[in-house]
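**Student:** Show me the folded form of this:
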Amino acid sequence: MAEIKIEKKKPIWPWIALVLILGAVIYYIYFTDHETSSESTTQTETSTSAQ
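**Tutor:** Below is the predicted model:
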């Protein structure tokens with residue numbers, strides 16, 4: 001008789017957790033960067049229009 005090797009399924013939840021964490025980090029960096037740029041642009045526009 002031939003032996004049949006059965007492999008256990010590898011868990012997928014660590015990959016899902018990794019993707020969620022990376023997504024959160026990218027989201028945080030992206031929106032933090034743009035808030036700083038927006039404020040600088042707004043201040044510059046306000047000061048030039050006031051003169």
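
**Student:** What is the burial count for residue 23?
**Tutor:** 10 (other Cβ atoms under 10 Å). The C-beta positions use only the backbone N, C-alpha and C, and glycine is treated the same way.

**Student:** any idea how far residue 11 is from residue 17?
**Tutor:** Residue 11 sits 10 Å away from residue 17, going by Cβ to Cβ, to the nearest Å.

**Student:** Ok, residue 2 next?
**Tutor:** Counting by Cβ to Cβ, the gap from residue 2 to residue 17 is 39 Å.

**Student:** swap in residue 9?
**Tutor:** Distance of residue 9 to residue 17, computed by Cβ to Cβ: 17 Å.

**Student:** higher neighbour count, those two?
**Tutor:** The neighbour comparison of residue 9 against residue 17 (other Cβ under 10 Å) goes to residue 17, with 10 against 5.

**Student:** List phi and psi for that one.
**Tutor:** In terms of degrees, to the nearest 10, the main-chain angles of residue 17 are phi -60, psi -40.

**Student:** where in the protein is pLDDT low?
**Tutor:** Applying pLDDT under 70 to the chain flags the ranges 33-51.

**Student:** Residue 8 - how many residues pack around it?
**Tutor:** 5.
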